[in-house]
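Provided below are the primary sequence and the corresponding predicted coordinates.
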Amino acid sequence: MSNAVDVAAVPMTAKRRGAQLVMLAFAVAIVMVAYANVGLGINGQVPAGMLAYGLGLGGLMLAAYFVLARFAPWADPLILPLVTLVNGIGLVMIYRIELSGQPGASAGNQLFWTAVGVVMFSATLIVLRDHRALQRMTYTAGFVGLALLILPLVPFLGREINGARIWVGIGGFSIQPGEFAKLALVVFFAGYLVAKRDVLALAGRRLLFIDLPRARDLGPVLITWGVSVGVLVFEKDLGTSLLLFGAFIAMLYIATQRTSWVLIGILLFVGGALAAGQVFDHVQNRFQVFLDPSDPALYDKIGGSFQLLQGLFAFGSGGILGTGLGQGHPREIPLSFSDFIFAATGEELGLTGLMALLMVYALIVERGLRTSIAARDPFSKLLAGGLSFILAWQVFIIVGGVTNLIPLTGLVTPFMSQGGSAVLANWILIALLVRMSDAARRPPPQAIQDEGLTQVFQR
Amino acid sequence: MSELTLLLIRLAFLAVLWFFVIAAVGVIRTDLFGSNSPAPAAARKPAKPARQPAKPKKGEPKQLVVTGGPLQGTIINLTETPITIGRANDATLVLSDDYASSRHARLFPQDGQWIVEDLGSTNGTYLDRSKVTRPTPVHLGQPIRIGKTVIELRK
C-alpha cells in the first residue's frame, strides 16, 4: 500500500514555481480588474486608488512568493494564488462597500491586516522549518487553545460586541482569540489523536450494522462536546462552537476511519443543539428565523430575520449573472462587509461569480487534503486534514447560514470578511498547509552510492 | 459609461474569474488524470494491481475482527495479501498466547473467498467447532479459534 502511494507521488515532484508565479500574477490581475470595474460601475471612472491597492497587493504577494520559494521550495504551487484571489476579491468588495457609505467598512484597514497576515505567513514559514516540531507541543497547544477560548470571559478584558462575548480588548485594539484558538486546538487534536487513535479505533459492541466504540473511550468526545457547549452558553458564539466540535469529529474520523464516531458526534450535537434551543433565547431565535425568515413579526423584531432576508433579497436581485461590480446595493444589508460579505458579493457577481469563488475555496481545500494524502507521517496527515477541514467547514457554515440552508451562525468567511484576527489566523493556517505540502512533495533523500550495508544519504 | 459597456465588462469579468478556476485545475491536472509524459505513466502502472483490491466487491469480507481473547476489538483491514497469525513477530496478527504456535495459521484470499489454513500448529485451529485439517473456506461471521483468540471476518 505504501508502495502505491510512493509511486503515485512520482509525477508530483516537479516544483512548478513558474506555474505558481503565473497564477499569482493572474490572481492579482483579476483583483485589479475588479477594482477598475467597481470604479466604472459607480461613477464611470477608474478609481484613483486602484494602482495603489493593486500594486500593494501584488507587492505583498510577490514577497510571500519569494519567502515560499526560498523556505518551502517544494510546496504546492496553487495554494498561494488561490488564497490571493479570495483575499483580493474580499478587499475589492470591502472597498466597494466602503464607497457605498456603510459605516464600519474600511478597505485600508483590511489591506493593512492582509499585509500583517502575509508577514505572519512568512514568519511561520521561516521559523517553523519542520512542522513535526508542533507534535512535541501537543498538550501545550491544547492548553493555549483552551486559554484563548476562555480569555474573552475574563472580566475587564473580554468585550461583548453584537451579542457575542468573543472579543478581547487590548488598548485600542480588539481581537478575537477564538480565531487563534481553533488553530491551536487542531494542532492539539492532531497530536492527541496520533497517540490515542489505536485505542479509539477498538471495536466494542456491535449494533445493527456499525461497530460502536467502547463506552470508556467516549471521554475525549464528551469533553470536546462539553467545551463546545460551554462556548455556546457563555460566549453565545454558535459558529465557533459548531466549528470546534465538527473539527474534532472530522479528525477523529480521519484518525480511526470509524463511521460510528461521526454518528455519535451528530447525535451529541443534535442533542446539545435541541437542549440549548430549549434553554437559551438566542439559539431558539436563530432557529425560528431559519424556519421562516419571511415572517413579518420576525422581520421587524430587533435581532430577527431582517439581516438574513436582506441578504436573500440581495442574492435574488443578483440572479445568475449579478448586477455587476459597483452596481448593487450592499448598503441595504447590515454588516455586509463582515458576516454578510458573501451576500453582497452574490448580488454583484451573481450565481456564476459565487460558484467560481466556491470553486476556489474547494480547490484550496482539495490541495490541503491532497497534502494530507501525500504526507508521510500520521501527524502531518491528521494536521493537514484537520486544517483543510476547518477551512471547508467554516465556508460551509457561513455560506450555508447566509443562504438559509442551515441556521445562521456568526462566522467569518475566510479571507473575505473584514476582520484582523480572522485574516491573521487564516494566513497562519495557510502557512502550515504550505509547510506540510513542502514536506510531503519533497522527493525522498537519494542514496549517493549503491553498495554495501551502510548507505550515505544526501538531504 | 453606457449600459452596454458595463454589461460587457460584467460578463468579461465573470469569464475571467472562471478562466482562473479552469487554469488552476489545469495546473493540478496531473492529480486528476495522471501525467501525459510517458516515463511517469510507466512508473504508475505497477501501482494499479495493488490498488484494485482496496475496493472489495459487495458481499466480500473487508475486515478481520478479533472477537475474543486478549486482543479483543482489534481490526485488520483485508487486502489482497495473506494474513499470518501466530506468536512470531513477523506475523500479521501477533498473539501472546501460550496455546498458540509461532506460525499458527494463515488466511489467504482465493477467487474472492478467504481460506484458512493451519500451519502445523501444536494445538490446532478451529473453524466453528471443527478442527481445520486442510485449507477451508471461511464465511462471513464464522468464528475461527486459535488458542484463546477468536477471530471472524466481517464486511
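Received, thanks.

rest of the way, CA atoms for contacts and neighbours
OK.

show me what contacts the residue of the stretch 51-200 of chain A found nearest chain B?
The nearest approach of the stretch 51-200 of chain A to chain B comes at residue A:78, 6.9 Å away (CA to the nearest CA). Residues near residue A:78 by CA atoms under 8 Å, 6 or more residues apart in numbering or on different chains: A:20, A:23, A:364, A:367, B:24, B:27.

do residue B:152 as well
B:64, B:65, B:66, B:67, B:140, B:141, B:142, B:143, B:144.

before we move on, what SS does it have?
Using DSSP: H, G, I helix; E, B strand; the rest coil, the structure places residue B:152 in strand.

From residue B:151, how far out is the closest residue to it other than its chain neighbours?
Residue nearest to residue B:152 in three dimensions, not counting chain neighbours: residue B:143, with 4.9 Å by CA to CA, 6 or more residues apart in numbering or on different chains. Noted for residue B:143: a distance of 6 Å to residue B:151, by CA to CA, to the nearest Å.

and if you look at residue A:343?
Using CA to CA, we find residue A:343 at a distance of 56 Å from residue B:151.

neighbour count winner among the two?
Neighbours of residue A:343 and residue B:151, each counted by other CA atoms under 10 Å in any protein chain shown, are more numerous for residue A:343; the result is 28 against 23.

got the contact list for the residue in the stretch 301-450 of chain A positioned nearest to chain B?
Residue nearest to chain B within the stretch 301-450 of chain A (CA to the nearest CA): residue A:324, separated by 5.2 Å. For residue A:324, the contact set (CA under 8 Å, 6+ apart) comprises A:41, A:348, A:349, B:6, B:7, B:10.

ok, the helix or strand harbouring the fifth one near chain A or not?
So the one you mean is residue B:7. Residue B:7 belongs to helix B:3-27 when assigned by DSSP states H and E. Yes: interface with chain A: helix B:3-27 contributes B:6-7, B:9-11, B:13-14, B:16-18, B:20-21, B:23-24, B:27 (CA under 8 Å from any CA of the partner chain).

give me phi/psi at whichever residue of chain B sits closest to chain A?
Nearest residue of chain B to chain A, counting by CA to the nearest CA: residue B:73, 4.6 Å away. The phi and psi values for residue B:73, taken as degrees, to the nearest 10, are phi 100, psi -20.

count of residues packed around it?
Counted with other CA under 10 Å, the neighbours of residue B:73 add up to 21.

Also residue A:358?
16.

Which members of the contacts of residue A:78 are the farthest-apart pair?
A:23 and A:367 (14.9 Å; CA to CA).

Tell me, how many residues neighbour residue A:52?
For residue A:52, the neighbour count with other CA under 10 Å is 10.

Same check on residue A:69?
Residue A:69 has 16 neighbours, counted by other CA under 10 Å.

Which helix or which strand is home to it?
Assigned by DSSP H and E, residue A:69 falls in helix A:50-71.

so who does residue A:105 touch?
Contacts of residue A:105 by CA under 8 Å, 6+ apart are A:94, A:95, A:97, A:98, A:337, A:418.

So residue A:311 sits against residue A:343, correct?
Yes: assessed by CA atoms under 8 Å, residue A:311 is found in contact with residue A:343 at 5.2 Å.

list the buried ones in stretch A:58-71?
Judged by neighbour count (16 or more other CA atoms under 10 Å in any protein chain shown), stretch A:58-71 contains these buried residues: A:58, A:60, A:61, A:62, A:64, A:65, A:67, A:68, A:69, A:71.

between those, which is nearest residue B:104?
With CA to CA as the yardstick, the closest approach to residue B:104 among these comes from residue A:71, at 52.0 Å.

What's the separation between that closest one and residue A:436?
Taking CA to CA, one finds residue A:71 at 12 Å from residue A:436.
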